[in-house]
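**Student:** Predicted structure and sequence below. I'll ask about it afterward.
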Amino acid sequence: STSSVRMAQKNTFDFIVIGAGSAGAVVASRLSEDPDINVLLLEAGGTGDNNSNIKIPILVPNLQQSDVDWKYKTVPQKNAAGINIGRQSAWPRGKVLGGSSAINYMAYVRGSPGDYDSWASNGATGWSYKEVLPFFKKAEGCVVPPNEEFCKIDKDSHGFDGPLTTSIRKPVMSLAKQFVQACNEIGYETIDYNSKEQIGASVFQQTIRKGTRCCTKEAYLQPILNRKNLYILCEAHVTKIETRELAGVMSAVAVQCAVGSARQEMRFQAAKEVILSAGSIGSPQILLLSGIGDKEDLSKVGIKSVLHLPKVGKQLEDHLMVPVKCVAPFVGYEHITSRERNAYGIFLSEKQQQDLNAVREEKGKKLKFKDVGTITPKMNMISAMLKYLWAGKGPLASPAYDAHLLFSFDKTNNTIPDVQIGCTLGNGDIDQNIKNFNFDRDHLKSIGVDKYDEEYGTYQGVVLLPTLLHPKSKGTVKLQTADPFDHPLIDPCYLTDENGDDVTVLAKGIQKAFEIVRDSKAFNGVLDYVAPVPIFNASLKSGNDPSQDMEALKAYASQTAVTVYHPACTCKIGDVVDVRLKLKGISNLRVIDCSVMPSITSANTNAPTIMIGEKGAAMIIEDHKLNPSLQLKSSGSGIGDVLLYVAAFVAVSTIAISYYVTSKKD
């Protein structure tokens, strides 16, 4: 069992790590490499051992709003979240060993070197790209083949012996190839986006090992469960960090938590340090519950101030994406007439219409999405299952979020992108999207977003996701009540920046997505892009190109933009912690997770968070002169791999049986 049965016999530890997520699992693993110290790792969620949705990449949508998700929601947004119930955006966060690395879409994106150099130049000494690169490499066990056509690898930028496996889907999905080729055609090279330059296109490097998710649980904890000096307690909801004066200095001394469904109260003392790694929502919440934060905000919920640290929970940043739906319209509904297509706001040039007609006449023979059989053809589904069980490959071995473009509006800037455009399969499953994103079905219908799905059913196609990477709008995390089991008030303040730059960047990102589809041979005649009719009616009626209607594009962005699950910066270096991640004003307490980012990185935040865990652990080891002599294996092997394979086999077999039964009913 992952949970330790020795807990009842011990209540004092050298180090207590709160949160076994993307950073916390790393910290606990590295600190426990010194056999002479003991480490307690507290996780509010369960082990996730028997959850096939975690292990099998294609099942990732099933994890949101499940028992491994904290199920946060934002407060109502004034300028965004128009299609969400109550204008509240759903914010999934991992509540399980591995944290959000166990429920994310497995994209391994470090961010731009310029992100880290900016950190350093603005006061975060020691956090430049040159200084963080060794910790990225220490974590990584890259298995991407050399000379890969659709994902260049700069060997000097990667690690090959670390515990966290990074790979690409093999064979590369044809849709991902087409997307990269389309980006090449409009002027963007294929790059290794985890190297010195980040402007360009690529298939995603992913935290996937032999067809199964490689989260921080699998990478950092699974191989060391037999360490006698590492104690892991799951279902331990931390309620407070105790502080008191020691030799005239306010210090963190103990952690209180409620364990199990009965919420048994337990208290553990820390002889050396408490490390808070509960993430950008959990870490500020726990600090505030412990009396550390803005004293006026604390007094409003009846909590006595221990330390007035006003920036706790402030400066929240998150990435916003806008879904741009594209379809392969000649598959399954060739009967749709040109008039009907235009009525749904599908914008085609005359040449594109001619090309499309030619394709329709051939009855889909030019269809290039041969490996999206998880959506429609039954024989392809069976083939996909066999590929996965036999070799850990095929559609089930990927989250179907396989490629992206990173670009800047400044052509002279080749270091820090403004927008990321992700490329993912679209299958018309509006019900799951409504559940996962807290969408308002009636509102979706009113603006036409799901009309195509509802009238024509599932489709083969793709969704492009223009994403705002550097928001100027900043939000907050505050306590709703003094009850540690009440979710905090999360207000990202989406699209509220004074000059409206955020929504403008998103609108330009949508234009770039249109350009990829319209102006490339790779997608010409294969995909159309779709937009809701009411928002673009004025352009359509006047005969103008809707993709050039900036006001309509901004309206679409503010209606449909949703989180990409990357909250950060709520315990920033400089504001809340120092450059060694020590909390300002209280000794023996550090924050080590994505909340310490001085500013959000360019694109997905999981890889930077793992790096922060590695670098933070190294700082602790240095400060306490620890002697790490126990080794962490670079990758899963032996019984661990066997258990993963058996679990995957059982899960996929269950899917196959269910699929067979359903098809027989049909």
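**Tutor:** That came through, no problem.
**Student:** how far away is residue 496 from residue 489?
**Tutor:** Distance from residue 496 to residue 489, counting by Cβ to Cβ, to the nearest Å: 16 Å. Every C-beta, even on glycine, is put in place using the N, C-alpha and C of the backbone.
**Student:** I meant residue 621, not that one.
**Tutor:** Using Cβ to Cβ, residue 621 is found at 37 Å from residue 489.
**Student:** ok, now residue 549?
**Tutor:** Computed as Cβ to Cβ, the residue 549 to residue 489 distance reads 36 Å.
**Student:** hey, C-alpha coordinates of the longest strand along the chain in PDB?
**Tutor:** Counting by DSSP state E, the longest strand found in the chain is strand 264-276. What follows is strand 264-276, C-alpha atoms only, in PDB (Å, rounded to 0.1, in the frame of the first residue of the first chain):
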ATOM      1  CA  GLN A 264      -9.500  12.200  12.300                       C
ATOM      2  CA  GLU A 265      -7.500  15.100  13.700                       C
ATOM      3  CA  MET A 266      -3.700  14.500  13.600                       C
ATOM      4  CA  ARG A 267      -0.700  16.700  14.400                       C
ATOM      5  CA  PHE A 268       2.800  16.200  13.200                       C
ATOM      6  CA  GLN A 269       5.900  18.100  14.300                       C
ATOM      7  CA  ALA A 270       8.700  19.200  12.000                       C
ATOM      8  CA  ALA A 271      12.200  19.200  13.500                       C
ATOM      9  CA  LYS A 272      13.800  21.000  10.500                       C
ATOM     10  CA  GLU A 273      11.300  22.400   8.000                       C
ATOM     11  CA  VAL A 274       7.700  22.400   6.700                       C
ATOM     12  CA  ILE A 275       7.500  22.500   2.900                       C
ATOM     13  CA  LEU A 276       4.300  23.700   1.400                       C
END
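**Student:** quick one: it to chain centroid distance?
**Tutor:** 29 Å (Cα atoms, centre = their mean, to the nearest Å).
**Student:** that older thread, and residue 549 and residue 489? Which one has more around it.
**Tutor:** More crowded of residue 549 and residue 489, by other Cβ atoms under 10 Å: residue 549, with 21 against 16.
**Student:** hmm, back to that, and the longest strand of the chain, which strands flank it?
**Tutor:** strand 12-18 (parallel), strand 249-259 (antiparallel), strand 589-591 (parallel) (DSSP bridges).
**Student:** How many residues are close by residue 585?
**Tutor:** Residue 585: 15 surrounding residues under other Cβ under 10 Å.
**Student:** Return the residue of the chain that is most distant from the centre.
**Tutor:** residue 247 (42.6 Å; Cα atoms, centre = their mean).
**Student:** List the contacts of the residue nearest to residue 229 when sequence neighbours are not counted.
**Tutor:** Closest residue in space to residue 229, ignoring its immediate chain neighbours: residue 38 at 4.5 Å, by Cβ to Cβ, 6 or more residues apart in numbering. Counting by Cβ atoms under 8 Å, 6 or more residues apart in numbering, residue 38 touches 10, 13, 14, 15, 32, 229, 230, 231.
**Student:** The same query, at a cut-off of 6 Å, please.
**Tutor:** By Cβ atoms under 6 Å, 6 or more residues apart in numbering, the contact list for residue 38 reads 13, 14, 229.
**Student:** and those residues as TSV, adding pLDDT, neighbour count and distance to residue 399?
**Tutor:** Output for the contacts of residue 38, formatted as TSV (pLDDT from 0 to 100; neighbours: other Cβ atoms under 10 Å; distance: Cβ to Cβ, whole Å):
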residue	pLDDT	neighbour count	distance to residue 399
13	97	23	36
14	98	19	38
229	95	17	35
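**Student:** any idea which of the residues you listed is closest to residue 185?
**Tutor:** Nearest to residue 185, judged by Cβ to Cβ, of the contacts of residue 38 is residue 229 at 55.6 Å.
**Student:** ok, that closest one touching residue 32?
**Tutor:** Yes - between residue 229 and residue 32 there is a contact at 5.4 Å, judged by Cβ atoms under 6 Å.
**Student:** Show me what residue 12 is bridged to.
**Tutor:** Bridge pairing for residue 12 (DSSP bridges) gives the partners residue 269.
**Student:** can you count the residues close to it?
**Tutor:** Residue 12: 12 surrounding residues under other Cβ under 10 Å.
**Student:** and what of the one 5 residues further on?
**Tutor:** By the other Cβ under 10 Å criterion, the neighbourhood of residue 17 contains 34 residues.
**Student:** Tell me how many other residues crowd residue 146.
**Tutor:** Residues near residue 146, counting by other Cβ under 10 Å, number 7.
**Student:** which SSE is it in?
**Tutor:** Of the helices and strands defined by DSSP states H and E, none includes residue 146.
**Student:** how close does it sit to residue 250?
**Tutor:** 53 Å.
**Student:** same check, this time on residue 148
**Tutor:** Noted for residue 148: a distance of 52 Å to residue 250, by Cβ to Cβ.
**Student:** cool, residue 101 as well?
**Tutor:** Plainly put, residue 101 is 33 Å away from residue 250 if you go by Cβ to Cβ.
**Student:** Residue 631 too?
**Tutor:** Residue 631 sits 37 Å away from residue 250, going by Cβ to Cβ.
**Student:** Tell me the secondary structure at residue 48.
**Tutor:** At residue 48 the chain is in coil, as set by DSSP: H, G, I helix; E, B strand; the rest coil.
**Student:** hey, what's the closest residue to it other than its chain neighbours bridged with?
**Tutor:** Using Cβ to Cβ, 6+ apart and skipping residues adjacent in sequence, the residue nearest residue 48 is residue 96, 4.1 Å away. Beta-bridge pairing for residue 96 (DSSP bridges): residue 46.
**Student:** From what I see, residue 96 and residue 47 are in contact.
**Tutor:** No - counting by Cβ under 6 Å, residue 96 does not reach residue 47; the two are 7.3 Å apart.
**Student:** For these two, indicate the residue with more neighbours.
**Tutor:** Per other Cβ under 10 Å, whichever of residue 96 and residue 47 has more neighbours is residue 96, with 29 against 19.
**Student:** who's in contact with the more buried one?
**Tutor:** Residue 96 makes contact with 45, 46, 48, 68, 102 under the criterion Cβ under 6 Å, 6+ apart.
**Student:** separation between the third one and residue 245?
**Tutor:** Just to be clear, that refers to residue 48. 40 Å.
**Student:** Now for residue 562: which residues touch it?
**Tutor:** residue 437.
**Student:** How about the backbone phi and psi for it?
**Tutor:** Backbone torsions of residue 562, given as degrees, to the nearest 10, read phi -130, psi 160.
**Student:** separation between it and residue 391?
**Tutor:** Residue 562 is 35 Å from residue 391, by Cβ to Cβ.
**Student:** any chance of the contacts of residue 38 in JSON lines, with distance to residue 75 too?
**Tutor:** Converted to JSON lines, the contacts of residue 38 look like this (distance: Cβ to Cβ, whole Å):
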{"residue": "13", "distance to residue 75": "37"}
{"residue": "14", "distance to residue 75": "39"}
{"residue": "229", "distance to residue 75": "43"}
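**Student:** Neighbour count: residue 101 and residue 250, which is higher?
**Tutor:** Neighbours were counted for residue 101 and for residue 250 using other Cβ under 10 Å; residue 101 has more, 30 against 18.
**Student:** Quick check: the more buried one touching residue 215?
**Tutor:** Yes - under the criterion of Cβ under 6 Å, residue 101 makes contact with residue 215 at 4.0 Å.
**Student:** More neighbours: residue 48 and residue 245, which one.
**Tutor:** In terms of neighbours (other Cβ under 10 Å), residue 48 is the more surrounded of residue 48 and residue 245; the figures are 25 against 9.
**Student:** Tabulate the CA atom coordinates of stretch 514-526 in CSV.
**Tutor:** Provided in CSV are the C-alpha atoms of stretch 514-526 (Å, rounded to 0.1, in the frame of the first residue of the first chain):
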residue,chain,number,x,y,z
PHE,A,514,-8.0,30.6,-39.2
GLU,A,515,-4.8,31.3,-41.2
ILE,A,516,-3.4,27.8,-40.5
VAL,A,517,-6.6,26.2,-41.8
ARG,A,518,-7.3,28.5,-44.7
ASP,A,519,-3.8,29.2,-46.1
SER,A,520,-2.1,25.8,-46.0
LYS,A,521,-2.2,23.0,-48.4
ALA,A,522,-2.0,20.6,-45.5
PHE,A,523,-5.5,21.5,-44.4
ASN,A,524,-7.0,23.1,-47.5
GLY,A,525,-10.0,21.1,-48.6
VAL,A,526,-9.7,18.9,-45.6
